[in-house]
Each structure stands twice: as C-alpha cells, then as structure tokens.
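Colleague: Curious how this folds, go ahead:
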Amino acid sequence: MGERWYTESVIYCLDVETFQDSNDDGIGDFQGLISRLDYLTRLGVNCLWLSPIHPTPGKDDGYDVTDFYNVDPRLGTLGDFAELLHQAANRGIKVMIDLVVNHTSDEHPWFQSAVSSPDSPYRDWYVWADKEPADRHQGMVFPGEQSETWTYHRRARAWYYHRFYNFQPDLNFANPAVRAEIKKVLAFWIQLGVAGFRMDAVPFIIELTEPGNANSPMDFDYLSELRSHVQWRRGDAVLLAEANVEPEKLPEYFGDAGGTGNRIHMLFDFMLNGRLVLALARQNPEPVIEWLRTTPKLPPGGHWATFLRNHDEIDLSRLTAEQRSDVFAEFGPDENMQLYGRGIRRRLAPMLGGDRDRIELAYSLQFTMRGTPVLRYGEEIGMGEDLSLEGRYAIRTPMQWSFDTHGGFSSVDPIRPVIEKGDYGYETVNVTAQRHDDRSLLAWFERMIRTLRESPEVSNGTCSVIDQALPPGVLAHRADGPTGSMLFLHNLGTDDVVVDLGSLHAETNHPNEVFGDQDYPEVGDLSELALGPYGYRWIRLKRASV
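Modeller: Numbers count the residues shown, from 1 in each chain. Coordinates of the predicted model:
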C-alpha cells in the first residue's frame, strides 16, 4: 500500500480487553489478539484501530489515562505490543491506536503534581480558575451523568476544567509545554511502529479554554503542527479524527483557508451516520441523498471514514427533534435503549430485528459510500447488546468465538459478561458456527469486503447520486475514478421494484453485476434493473483499460 494507504483500507475497531484472552485471567490481551490475526486477515480487514491501550484506573473504559508512554499491564507489555505490530505487518495489517490527549486521569502524575502546589511545573498544564466560572454548568458531554464542567479542588484551592467526567481534567493546550509533550507522545508510538492515531475529541484539543467563556477560541493551526510532526516521523502516518461538529466547520479540520489539506487526513462522517440510520428507520433514502449532495468540498487529500456502529452510542444529535423521534420509535423505543437523550446504545443486528436482508442492505449502503469503511468488532457475525449493563458498556461485551464457555473468549469469568441467552447469545451467534456455513453473515462480509477491495473507485473516486425519477425507497448512486465506474442500487423499501437507468448505458463497456443480494437477471442495457425488498446491486459500468 502507498502513502495514502488509508483510502484503500477496511478499518476494524476493537477493544483488546474484550477481544481474546490468552492467559485465562478474564481479560483480553495482545497475545490473544495476535492469535486472531489470521481470522482478521481472512475477513479482509487491513487496518486495526485499537481502543485505548494505556495504563488507567478504569473509571471510563481506558479513556482516563495515567501514562501515555506505556501499555496497560493487564493487556501485556510493550514487548507484547511490539510483537503485535510485527505479526500484523507480516499479514499486511496496519495498526492505529486511540490518542486520548484532551484530558488525563486525575491520578496521572502530572495532575497530582499540579494540585500539590501553585508553583508546580505542571500547574499550568491544566485549566484553572480562581473563582467559580459562569459557564460551570455548560458544555457537558454526558448530560444526565455530568452536572458541571468545572469542579473545585480543595487541595489546589482552585476550579479545574473537565469537558468529560470530573476525574478527567482537561489539559491546557494554550501551554506550549503541553503541545510539545503531545508531539513526543505521537513520536514515541510512531517509532514503535503504529500507522496512525484515532484522535479522540479533537474539537476540545484545539479549544483554548477561557474560564467563563462558553465559546472559547479554537486553534486549528495546532492540527497543522501535529500533521507535519507525524509525517516527518513517518511519511504515511495517519490522523483520523473524531469531530462531531456543524457541517460548515468540517473543512477547517482538513485544511486551512487557502485550501491546502495540511491538517487531519480523515474525519469520521457523523453527518452521514445519522442520516443512514434515519434513512433505514424511514425506509426512505432522502436523508442520505441530501447529505451526499450538500457535503462540503474537502481540500486535496481529505478523506471520510464511514461507520454504522462504533464503541459509543449512535449519536443522533445532528438530526432534528422530529427525525430523532422517528429513529427512536423504530430502533430504540424503550428508554433503556437510549442514552444521553441523543443516542441509541444498541448493536445494529438487534436494532434491525435480526432481519438478515435488512442487515445486509445497511452494510452494503455503508460500504458503497465515499470514504473508508470502519467496522466494529462482532458486527460481522451480527452480535447483540446487553442492555442490563450500564451505559455504553451494553455494546462492549466480549467477542463471541465459539460454543465453548464464555463464547471462547476466556475459560474464566471475563472482565465483562459475554451475552449468554436469547437470540444473540454466544451459543447462537459465534464465529465457529458461521465459519461452517457458507451462507452465514460472516461469509457474506468476507465476500463483500473482497468485492470492495476490487473496486478502488468506491473509496478514491467521486460519489454522485443518480438524478432521475426512481421508485419510492430506492437510492441509486455511482462511484467514478481512474480505475473505472461503479453503479449501486439499494431498495430501502419492502416492495419489489424495477429501475430504469438505460440512459447510463451509452457510457458503459460490458456492464456486469459484481455483488448483490440475490441472483438477478443480466443487467442488459440497464433499462430493467430488478430489486427485491431490501435488495441491493453493485454493477460495474466500465473498467479503465490498463
């Protein structure tokens, strides 16, 4: 893969501690992940994104870090991590890690020093106020679980700022020493061999917090500094950012006002994610069509990462109240299925009622959008959630490998319970069962990913909606690039339909179907393209001559 390898990838997101236990302590580890690399290779993924791997008190699933230069000893040693990088590279798999640097744990030595004395060299590494800030109760990330973003520290005799929980004090990015230290952290892990970083909460990293100012200034130039720094250390290193912001602000995360792509390489497309879920709920593609037509133009090199599920709730905050209501009614009708008043804490398979046709349709939609697809562990076998667990932990249950005790994850009680009962229990949903069934969801994912890897124009080309009258519920879009052109049809409705796209035939050369939900008649001149309920078809219009 070249320097822009991330545009040709399928990214697989996993939490090491819930993936595979190798030493029977109930906690997944690096050696366990190494033992499953061949599985991931067969699936077709070529990049892993690891949730936080650093030492932590574990109050926020690893997002409360106490040492940015080491790994959680429960997962193994730095030597084990280096071996993971080596074994993954042998299989053509790159590894990205979570970069959680907008805050630290309150148990981090930096913060412990900061609160010990106003003269501590680390005092200004955090954000302080001598008096109670006017915006103390504004800007909470977890409404209902947080009541404030400023907390008084008795030992420090001052208020400290925390966008997240009060045990996660924010670092002060107006301090040059903090900015320099974060660059050292990046360089350290790049030197070990990581291919890039998924940057958590990027808007808060560039926020220059001013006590009492709920709209503190943003320093986008720091993103340019980080981009330059990582690429001097490794030319193909990638920054993938989490920035769920207003559409008009998105281009600023990719590049400066001059149109240069000198900041983040990739952004998660939260706007598309919400609209995909809304389209599935309404069985109407219009929300997706609207976003594809209005997506801001990106600077050269800017790239999207698409997803249906990740490690958090499905965030519907960018939808209107009416749109959120429709999604909740369809996919999260019970209050126990919802979170923070803005999201759904469920996995996709149970959200879609276990309907295999609808599940395939949803992932076909995601994987044919422009950008690089990101797949959450367990989605490829249709894992479910455990709503008896608190908050986001409902979708962070251990991977279900087999019929063995605890789903083959561990021989002892795991760190979090494996789903045991019901339609999504490990005796019903597991890798082993699906490996022996060539009609399983796992086998389907393998075929789809192989087909996608043979269609580079999907990720690297232009994506455009077919602008002509179509049957209700049908989305037709195309991808065009140097390697050729692809046509995609998706029927979000429950009726059989026929689509007439004969007007496209003049620009084809021997069009043929490469993937679909069933065996359809030949594509012919594109004037009678049948689609079943929840049907989808991938049609190659032309391939560039070589």
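Colleague: now Gly461, nearest residue through space, not along the chain?
Modeller: Gly481 (2.7 Å; CB to CB, 6 or more residues apart in numbering). Every residue, glycine included, has its C-beta placed from N, CA and C.
Colleague: Sorry, wrong one. I was asking about Gln323.
Modeller: Leu278 (5.4 Å).
Colleague: what's the spacing between Thr462 and Arg478?
Modeller: Using CB to CB, to the nearest Å, Thr462 is found at 9 Å from Arg478.
Colleague: With neighbour numbers in mind, choose between those two.
Modeller: The neighbour comparison of Thr462 against Arg478 (other CB atoms under 10 Å) goes to Arg478, with 21 against 11.
Colleague: what are the phi and psi values for that one?
Modeller: In terms of degrees, to the nearest 10, the main-chain angles of Arg478 are phi -140, psi 160.
Colleague: these two touch, right, it and Met486?
Modeller: Yes - using CB atoms under 8 Å, Arg478 is in contact with Met486, at 6.4 Å.
Colleague: Quickly list what's touching both of the two.
Modeller: Listed as contacting both Arg478 and Met486 by CB atoms under 8 Å, 6 or more residues apart in numbering are Leu541.
Colleague: Give me the three-state assignment for Pro251.
Modeller: Classification of Pro251 using DSSP: H, G, I helix; E, B strand; the rest coil returns helix.
Colleague: Near it, how many residues? Count them for me, please.
Modeller: Quick note: Pro251 (other CB under 10 Å) scores 19 neighbours.
Colleague: related to what we said a few turns ago, what's whichever helix or strand the residue nearest to Gln323 is part of packed up against?
Modeller: Using DSSP states H and E, Leu278 maps to helix 270-282. With contacts defined as 3 or more CB pairs under 8 Å, 6 or more residues apart in numbering; DSSP states H and E, helix 270-282 has these neighbours: helix 286-294, strand 303-306, strand 314-315, helix 321-331, helix 356-367.
Colleague: Using a markdown table, lay out these together with distance to Leu492 and mean pLDDT.
Modeller: Shown next, in a markdown table, are the helices and strands packed on helix 270-282 (distance: least, CB to CB, whole Å; pLDDT from 0 to 100):
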| stretch | distance to Leu492 | mean pLDDT |
| --- | --- | --- |
| helix 286-294 | 9 | 96 |
| strand 303-306 | 17 | 96 |
| strand 314-315 | 17 | 96 |
| helix 321-331 | 12 | 97 |
| helix 356-367 | 7 | 98 |
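Colleague: Out of the helices and strands in this structure, which is least certain?
Modeller: Within the chain, confidence by mean pLDDT, DSSP states H and E is lowest for helix 457-460 among all helices and strands, at a mean of 92.
Colleague: what does that helix contact?
Modeller: By CB under 8 Å, 6+ apart, helix 457-460 touches 7-8, 303, 367-368, 370-372, 452, 479-486.
Colleague: Domain map for the chain?
Modeller: 5-103+176-385, 109-161, 454-543 (automatic domain parsing).
Colleague: So which of those domains is the most surrounded?
Modeller: domain 5-103+176-385 (a mean of 19; mean count of other CB atoms under 10 Å).
Colleague: Quick one: end-to-end length of that domain, please.
Modeller: Start and end residues of domain 5-103+176-385 are separated by 33 Å (CA to CA, to the nearest Å).
Colleague: Stretch 199-214 too?
Modeller: Termini of stretch 199-214 sit 23 Å apart (CA to CA).
Colleague: what's the answer for stretch 372-380, then?
Modeller: Stretch 372-380 has its terminal residues 16 Å apart, counting by CA to CA.
Colleague: Residues contacting that stretch, please?
Modeller: Under CB under 8 Å, 6+ apart, the answer for stretch 372-380 is 6-7, 9-15, 18-19, 43, 45, 49, 266, 268, 303-311, 347-349, 363, 366-367, 395, 399-400, 441-442, 445, 452, 459.
Colleague: Which ones among these lie within strands?
Modeller: 11-14, 49, 266, 268, 303-306 (DSSP state E).
Colleague: if we can go back for a sec, give the rounded mean pLDDT of the helix holding Leu278.
Modeller: Mean pLDDT, computed over helix 270-282, is 97.
Colleague: What of stretch 95-114?
Modeller: 98.
Colleague: ok, the spatially closest residue to Asp61 that is not a sequence neighbour to Asp15 distance?
Modeller: Distances taken as CB to CB, 6+ apart place Arg396 nearest to Asp61, at 6.9 Å, with adjacent residues excluded. Using CB to CB, Arg396 is found at 6 Å from Asp15.
Colleague: shared neighbours of these two, anything?
Modeller: 61, 311.
Colleague: circling back: please identify which of the helices and strands packed on helix 270-282 is closest to Asp119.
Modeller: Among those, strand 314-315 comes nearest to Asp119, with 41.8 Å by CB to CB.
Colleague: residues in contact with that closest one?
Modeller: In contact with strand 314-315 (CB under 8 Å, 6+ apart) are residues 244, 270, 273-274, 277, 331, 342-346.
Colleague: which among the residues you listed gets closest to Val499?
Modeller: Of the contacts of strand 314-315, the one sitting nearest to Val499 (CB to CB) turns out to be Val277, at 23.9 Å.
Colleague: For the residue lying closest to Arg36 once chain neighbours are set aside, list the residues it contacts.
Modeller: What sits nearest to Arg36 in space, not counting adjacent residues and going by CB to CB, 6+ apart, is Gln20, at 5.2 Å. If a contact means CB under 8 Å, 6+ apart, then Gln20 has 28-29, 32-33, 35-36, 399, 401, 409 as its contacts.
Colleague: same thing but 10 Å
Modeller: 14, 28-36, 39, 398-399, 401, 408-410 (CB atoms under 10 Å, 6 or more residues apart in numbering).
Colleague: likewise Gly259?
Modeller: Taking CB under 10 Å, 6+ apart as the test, what Gly259 contacts is 251, 297-300.
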